[in-house]
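Participant: Coordinates for the following, if possible.
(one chain, ligands or ions: 1)
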Amino acid sequence: MNILVVTGSPRKGGNTEIMAEVFAESARAVGHEVILKKLSSLKVNPCIACKYCFEHNGVCVQKDDMNDILKELDRSDMLVLASPIYWFDVSAQTKCFIDRMYAFGKKGFQIRSIAMLLNSGADNVYAAAEAQLKAISSYLKWEMKGIIKIPDMTEKGSMLGSLHLQKVRDFAGRLK
Ligand SMILES: Cc1cc2nc3c(=O)[nH]c(=O)nc-3n(C[C@H](O)[C@H](O)[C@H](O)COP(=O)(O)O)c2cc1C
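Facilitator: Here you go, the predicted structure:
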């Protein structure tokens, strides 16, 4: 599969990006092509609801980094969203990316499946992020491959020592 991974933490080298890199490495090891896009180094503004994209085959009017990401999305079979939990939901950066996928709302999507990698300080803080992803995947008829949740991420780099990272490796290694 061609897999696009989009990370939505503003913190370069933080827990979300570590989680996503472990996923990418493990998925590549079993033969998948993985493109990793880190929003910490890219500019993806909020959607401005102009619907230019609906008349221009999915091209967004905004001249930020989203059109390049959309080109990758159009070459991908699966999308993996990686986000920290911010106030019991995905980060604003992740939500901006999700909103900007509206560009393909009329043209349609190439991807057929989706998954999410979440991490947070506390446990039991994932309900909103999970509900959103499940609703989107149901609406767009994407197969939901899984949602991996890793709590106890209190410091930058906590992820490096987390035994839960094995869940990410196992998940990526099982993908078909
Ligand atoms: C603005 C902000 C809001 C947060 N909100 C929550 C929260 O609601 N629940 C929680 O468990 N952790 C929360 N956290 C902690 C982060 O989810 C956690 O530290 C995560 O590992 C950060 O990922 P990163 O290193 O990739 O940035 C919050 C952190 C920030 C900066």
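
Participant: Quick one: the helices in this protein, in order.
Facilitator: Secondary structure of the chain (DSSP state H): helices located at 15-29, 52-55, 66-73, 92-100, 127-140, 165-174.

Participant: between those helices, which gets nearest to I35?
Facilitator: helix 66-73 (5.2 Å; CB to CB). The C-beta positions use only the backbone N, C-alpha and C, and glycine is treated the same way.

Participant: Bridge partners for the residue nearest to H164 when sequence neighbours are not counted, pull those for me.
Facilitator: Setting aside the residues directly before and after it, H164 is nearest to I150 in space (CB to CB, 6 or more residues apart in numbering), at 4.4 Å. Bridge pairing for I150 (DSSP bridges) gives the partners N119.

Participant: my guess is I150 meets A20, correct?
Facilitator: No: the criterion here is CB atoms under 8 Å, and I150 misses it with A20 at 11.7 Å.

Participant: where do the contact lists of the two overlap?
Facilitator: Common contact partners of I150 and A20 (CB atoms under 8 Å, 6 or more residues apart in numbering): L117.

Participant: Who has more neighbours out of the two?
Facilitator: Neighbours of I150 and A20, each counted by other CB atoms under 10 Å, are more numerous for A20; the result is 25 against 22.

Participant: In contact with that one, which residues are there?
Facilitator: 5, 7, 36, 38, 80, 82, 117.

Participant: R169 versus that one, what's the distance?
Facilitator: Per CB to CB, to the nearest Å, A20 is found 13 Å from R169.

Participant: what does L42 give?
Facilitator: L42 is 26 Å from R169, where distance means CB to CB.

Participant: Once you drop chain neighbours, what's closest to the residue of the chain found nearest the ligand?
Facilitator: Taking CB to the nearest ligand atom, the ligand has its nearest neighbour within the chain at G14, 2.5 Å off. The shortest distance from G14 to any non-neighbouring residue, by CB to CB, 6+ apart, is to K156 (5.2 Å).

Participant: Correct me if wrong: that neighbour contacts P10.
Facilitator: No: using CB under 8 Å, K156 is not in contact with P10, being 11.6 Å away.

Participant: Which residues of the protein lie near the ligand?
Facilitator: 9, 11, 14-16, 84-88, 119-122, 125, 153, 156 (CB under 6 Å from any ligand atom).

Participant: Which pLDDT value goes with the residue nearest the centre of the chain?
Facilitator: Nearest to the geometric centre of the chain sits L81, at 1.3 Å (CA atoms, centre = their mean). Here, the pLDDT recorded for L81 equals 98.
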